[in-house]
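In: dropping the sequence and predicted coords here.
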Amino acid sequence: MNYNSKIYVAGHRGLVGSAIAHRLQEQGFTNIITRTSQELDLRRQADVERFFEAERPEYVFDAAAKVGGIHANNTYRADFLYENLAIQNNVIHSAYRFGAKKLLFLGSSCIYPKLAPQPMHEDALLTGPLEPTNEPYAIAKIAGIKLCEALRDQYGFQAISCMPTNLYGPNDNFDLQTSHVLPALIRKFVEAKESGAKEVIAWGTGSPLREFLHSHDAADAMIFLMQQYDGREFLNIGTGEDLSIKALTELIAEIVGFQGTITWDTSKPDGTPRKLMSVSKLHALGWRHKISLREGISGVVAWFYQNRHRYNN
């Protein structure tokens, strides 16, 4: 990419897309195209095709998706499958049809089997059953990977895919009904501290192991791959380090300053026992994360305090 290359960031208001757009601007890229969902509904094929025909972006970061935590994934299964298939099919195929030089498709670590050997290497894909609670979302993301591979194989389209681990950062979703675990815990502890609550209830047993990567690190990795990687195989993006949900919960409570009791609601699902990404291929290319978990969470807590008016419902 050149600094004046025409770059489209799909999903620029989301956690990852906003980080990509922000980091591109910080690095000096000046021709970034964005559209809100009100301006362009990526689920509508004809609208997406008109947009690509008119704008003709040279590079496309496909970070647009319907996302959520265990509750949202398990409750809105049809929506997660249909909407994600529609969004990614329209963006990826239109990028090919209207002459984009390169596309990066953003997947998810949930594509791997529930009981995949740890850490999860890229070749574990399709080697076993998926985690049932987010199977529709995972199937959509797998289809996106395969579409990128097929367009490359059949037409020579330069499409690459990356699979990030669990991400967090500014502009995350803090809605307790649809958010992922880390932003949900931040909101719970902030509100508990402010209300003087003596107890916070966390889901599950606290035993699952998870890996977390700051969205700004993820964005840097994706920009790096867009510039440096041309392979057919998708690549994991992560830290290569994990911790238990219990340890994460206690860390967030400490950073927020909550002094009460943490109670575990074991009637709620844990999800996959462990999800740790192998990032050996990414490290071999020369990229490593920079933001520690404590530093990253502290920053997001501060961001939430400054922007909590968005989440007063």
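Out: Yes, it's here.
In: need the contact list for Gly28.
Out: Counting by CB atoms under 8 Å, 6 or more residues apart in numbering, Gly28 makes contact with Tyr3. Quick note: C-beta positions are derived from backbone N, CA and C, even for glycine.
In: now it, what's its secondary structure?
Out: Of the three states, Gly28 takes coil under DSSP: H, G, I helix; E, B strand; the rest coil.
In: ranges for the helices of the protein?
Out: Shown for the chain, the helices assigned by DSSP state H span residues 15-26, 45-55, 70-75, 77-97, 135-155, 181-195, 215-228, 245-256, 280-285, 293-307.
In: please identify which of these is closest to Gln118.
Out: Closest to Gln118 of these, according to CB to CB: helix 280-285, at 13.3 Å.
In: ok now the closest one, how far from the chain's centre?
Out: Counting by CA atoms, centre = their mean, to the nearest Å, helix 280-285 is centred 20 Å from the centre of its parent chain.
In: give the buried residues for it.
Out: Neighbour counts over helix 280-285 (16 or more other CB atoms under 10 Å) mark Leu282 as buried.
In: start at 29, not 1
Out: Sure, I'll start counting at 29 from here, so that last one is helix 308-313.
In: which residues are in contact with that helix?
Out: 149-150, 249, 252-253, 256-257, 263-266, 268, 316.
In: let me know the closest of the residues you listed to Asp75.
Out: The closest of the contacts of helix 308-313, once distances to Asp75 are taken by CB to CB, is Leu253, at 28.1 Å.
In: residue contacts, the closest one?
Out: By CB under 8 Å, 6+ apart, the contact list for Leu253 reads 132, 188, 190, 263, 313, 315.
In: surely the second one is in contact with Cys176?
Out: Yes: the pair Ile188 / Cys176 is scored as a contact, 6.9 Å apart, by CB atoms under 8 Å.
In: low-confidence ranges, the stretch 229-341 of the chain, go.
Out: Residue ranges of the stretch 229-341 of the chain with pLDDT under 70: 340-341.
In: and the contacts of Leu253, which are buried?
Out: With burial judged by 16+ other CB under 10 Å, the buried subset of the contacts of Leu253 is 132, 188, 190, 263, 315.
In: in JSON lines, list those residues along with distance to Ala49.
Out: Supplementary listing: the buried ones among the contacts of Leu253 in JSON lines, determined by distance: CB to CB, whole Å:
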{"residue": "Leu132", "distance to Ala49": "13"}
{"residue": "Ile188", "distance to Ala49": "19"}
{"residue": "Cys190", "distance to Ala49": "17"}
{"residue": "Leu263", "distance to Ala49": "21"}
{"residue": "Trp315", "distance to Ala49": "19"}
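In: before we move on, back to that, out of the helices of the chain, flag the one nearest Trp292.
Out: helix 273-284 (7.9 Å).
In: show me how far that closest one is from its chain's centre.
Out: Distance, stretch centre to chain centre, for helix 273-284: 21 Å (CA atoms, centre = their mean).
In: and for stretch 191-211?
Out: Between the centre of stretch 191-211 and the centre of its chain there are 8 Å (CA atoms, centre = their mean).
In: then stretch 118-132?
Out: With CA atoms, centre = their mean as the basis, stretch 118-132 stands 20 Å off its chain's centre.
In: any buried residues in that stretch, and which?
Out: Using 16+ other CB under 10 Å as the test for burial, stretch 118-132 gives 118-124, 126, 128, 130-132.
In: quick one: terminal-to-terminal distance for that stretch?
Out: 14 Å (CA to CA, to the nearest Å).
In: adding distance to Gln66 and pLDDT, write the buried residues of stretch 118-132 out as JSON lines.
Out: JSON lines is the format used below for those (distance: CB to CB, whole Å; pLDDT from 0 to 100):
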{"residue": "Asn118", "distance to Gln66": "17", "pLDDT": "98"}
{"residue": "Val119", "distance to Gln66": "17", "pLDDT": "98"}
{"residue": "Ile120", "distance to Gln66": "22", "pLDDT": "98"}
{"residue": "His121", "distance to Gln66": "23", "pLDDT": "98"}
{"residue": "Ser122", "distance to Gln66": "19", "pLDDT": "98"}
{"residue": "Ala123", "distance to Gln66": "22", "pLDDT": "98"}
{"residue": "Tyr124", "distance to Gln66": "26", "pLDDT": "98"}
{"residue": "Phe126", "distance to Gln66": "22", "pLDDT": "98"}
{"residue": "Ala128", "distance to Gln66": "24", "pLDDT": "98"}
{"residue": "Lys130", "distance to Gln66": "28", "pLDDT": "98"}
{"residue": "Leu131", "distance to Gln66": "24", "pLDDT": "98"}
{"residue": "Leu132", "distance to Gln66": "24", "pLDDT": "98"}
